[in-house]
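Engineer: Predicted structure and sequence below. I'll ask about it afterward.
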Amino acid sequence: MRIDEHPILSFKRVEKIKFVYNGKEYIGFKGDTIASALHAAGIKILGHHPETGRARGFYCAIGNCSSCLMTVNGEPNVRICIEELKEGMVVETQKGKGRLR
Amino acid sequence: MKTTEIAIIGGGPAGLSAAISGASSGAKVTLIDRNYSLGGQLKKQTHKFFGSQKQYASTRGFCIANILEDELKKYGDRVEILTNATVLGLYEDKVITIEQDKQYKKLKPEKIIVATGASEKFLAFPNNDLPGIYGAGAVQTLMNEYGVKPGNNVLMVGAGNIGLIVSYQLIQSGVNVKAIIDAAPQIGGYLVHASKIRRMGIPILTSYTIKYAHGKDAVEKATIWKIDENWEPIPNTEMDFDIDVICISVGLSPLADLLWQIGCKMEYIPELGGHEPIRDDNLETNISGIFIAGDVGGIEEASSAMVEGRLAGLCAAKSLGYYYGDYEERRKDLIDQLISLRSGPVGDKIRSGLRKVII
C-alpha cells in the first residue's frame, strides 16, 4: 500500500526499520510513524473499544483523537499516529484501558 | 523558571509567521510545537496556494513550510524552537507548562500567541467508528507525508475545499475515488477545484448524505441517500458503493482548549467553526498579552492564517516596546491583506462571523 509513483512528491525510502507487531516482525522505513508502517503493511485494525469490543482504527492521524492507542515497548496508550517508528520497537494491540506502572 | 518575551504555541502557518514577525521586530521568541518538525498542516499540502505573492501564491504548501522555517532561523539567537513539546496548560500568571521528552517544563513568557489550529469534525451515522473511516486530513497525512495509500476505493463525504483537494490528491496517489457527496445543495469548495475533479470523471453528488457504513472489522461498503430541502432523507434514493475507505471532510473546529483554560471570553460562531475568542483588531484577546492567530480564532485558509500570524507577532512585539517607524504601515498592510483574502462571496461567512468576535 506504499505510493511508488507520484507526480509531485518523491518518497525516499532509504533506511529500513525492523519492528515487531503482535509477535511478528515487520519492516518500515525511517520517517514512518508506527501507524503509517502498520497501514503500509495492511494493518488498519489497531485495537478494540475497551467496553464494546468494536474494532478501532485511527481517525485524525495527527494526535488529536486518541483512536489509535496501542502498547509500545510495554507502555500503554501511545498515540501511534504520531509516534516515530524506531528500530526494534515492540508494538502490541492494547487490551483494555492500559495501566500506569 | 525559564523565561522568554513571546511564546508562540503551535508551529503551523500561523505560528511560524507569528514567530518570524515577532523575531524580526526584535523580540526574543520561543516557538513550541508538539510534532517532531515545524510546518503543521502545511507539510501535507501538495497543491499550489492562491492569494497574492505575499501569501506565497503559486507555491506548494509543503514548500511554504520550508520557506517559513528557513526565514525564522535567520533570526538566530532571538529564536528558540521547541519541537516534540506539547503544551499542557496555560495559567493566569501566563505560565505555560510543557511536556517534552517525558519531562515536565515550565516557561514564563511576557506575551503569548496561541496558534494551535483546528481538528477535524466528525459525522454521525451507523458504524461510523469502523476502521477505514478517516478524516480527510488524516488521509492527506498518510499519503503526502508518509507515502502510504489509505486503501483502494474511497467515498469522500464533503465537497468543500478540503474534500475536493484531497480527492484530487488521492487520484494523484493512484487511489480510486468512487464519488464525492455533500449534504448541501451546492458544492462548498472553489469551482476551480470542482471542475478538475469532474474532468477526471468523478461524480460530485450534492444533497446526498451517508446513511450507513457496512462491515464487521473494517468498512466494506457505504450506502448514501438523497435529502430534501429540509435535510430529511428521501426513501428509495439509496445508492451503494463498494469501498474500503470513507473519508470525512465536514469541516474543522478550533483547538481552543488553552484559551478556555486561561479564561478567554468565547462566543459560539457557527460561521467560523465553533467557539471563538473575542479579540481586537490586533488579535489580542480580552486577556491582556494573550494573542491568537490562525484557525484557533476561526476556520479559514492557511493564507489568512499566515497573515494573522504576522499581525499577531507584530502587535505582540509592539506591546513589548519593539517597533519601528514603519509599524503603522506594516500593520495596515497586513490588515489590508486580510481584507482582500476575505473579500468576495467566498468570504461572506467569514466576514459575518468575524464581525461578531472582533471588538
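Structural biologist: Happy to help now that I have it. Residues are numbered from 1 along each chain as shown, chains lettered A, B, ... in the order given.
Engineer: At which residues are the helices of chain A located?
Structural biologist: For chain A, the helices defined by DSSP state H cover A:34-40.
Engineer: Report the contact partners of B:Thr209.
Structural biologist: B:Phe125, B:Val157, B:Ile181, B:Ala183, B:Ile224, B:Trp225, B:Ile227, B:Pro233 (C-beta atoms under 8 Å, 6 or more residues apart in numbering or on different chains). C-betas here are computed from N, CA, C, even on glycine.
Engineer: ok, now B:Ile227?
Structural biologist: Per C-beta under 8 Å, 6+ apart, neighbours of B:Ile227: B:Ala183, B:Ser207, B:Tyr208, B:Thr209, B:Pro233, B:Ile234.
Engineer: Out of the residues you listed, grab the one that's most surrounded.
Structural biologist: B:Tyr208 (24 neighbours; other C-beta atoms under 10 Å in any protein chain shown).
Engineer: For it, list each beta-bridge partner.
Structural biologist: Under DSSP bridges, the beta-bridge partners of B:Tyr208 are B:Lys226.
Engineer: you'd agree it is up against B:Asp182?
Structural biologist: Yes - counting by C-beta atoms under 8 Å, B:Asp182 is a contact partner of B:Tyr208 at 7.0 Å.
Engineer: Any residues of the stretch 201-350 of chain B in contact with chain A? List them.
Structural biologist: Taking C-beta under 8 Å from any C-beta of the partner chain as the criterion, the stretch 201-350 of chain B approaches chain A at residues B:Lys216, B:Asp217, B:Ala218, B:Leu255.
Engineer: now chain A, which segments are flagged as low pLDDT?
Structural biologist: Scanning chain A with the threshold set as pLDDT under 70 gives A:101.
Engineer: before we move on, back to that, which of the contacts of B:Thr209 sit farthest apart?
Structural biologist: Maximum pairwise distance in the contacts of B:Thr209, criterion C-beta to C-beta, is 14.6 Å, between B:Val157 and B:Pro233.
Engineer: Just the contacts of B:Thr209: which are in strands?
Structural biologist: Residues of the contacts of B:Thr209 located in strands (DSSP state E): B:Val157, B:Ile181, B:Ile224, B:Trp225.
Engineer: just checking, the third one touches B:Ser207?
Structural biologist: The reference is to B:Ile224. No - applying C-beta under 8 Å as the test, B:Ile224 and B:Ser207 come out as separate, 10.5 Å apart.
Engineer: what's the average pLDDT for the longest helix that chain B contains?
Structural biologist: As assigned by DSSP H, the longest helix anywhere in chain B is helix B:302-319. On average, the pLDDT along helix B:302-319 is 97.
Engineer: Contact partners for the residue in the stretch 51-200 of chain B that chain A sits nearest to?
Structural biologist: Residue nearest to chain A within the stretch 51-200 of chain B (C-beta to the nearest C-beta): B:Pro131, separated by 2.8 Å. For B:Pro131, the contact set (C-beta under 8 Å, 6+ apart) comprises A:Lys44, A:Ile45, A:Leu46, A:Ala55, A:Arg56, A:Gly57, B:Asp217, B:Ala218, B:Val219.
Engineer: now for the residues you listed, which pair is the farthest apart?
Structural biologist: Among the contacts of B:Pro131, the pair separated by the greatest distance (C-beta to C-beta) is A:Leu46 and B:Val219, which sit 14.2 Å apart.
Engineer: Who has more neighbours out of those two?
Structural biologist: Using other C-beta under 10 Å, the more surrounded residue of A:Leu46 and B:Val219 is B:Val219, with 26 against 23.
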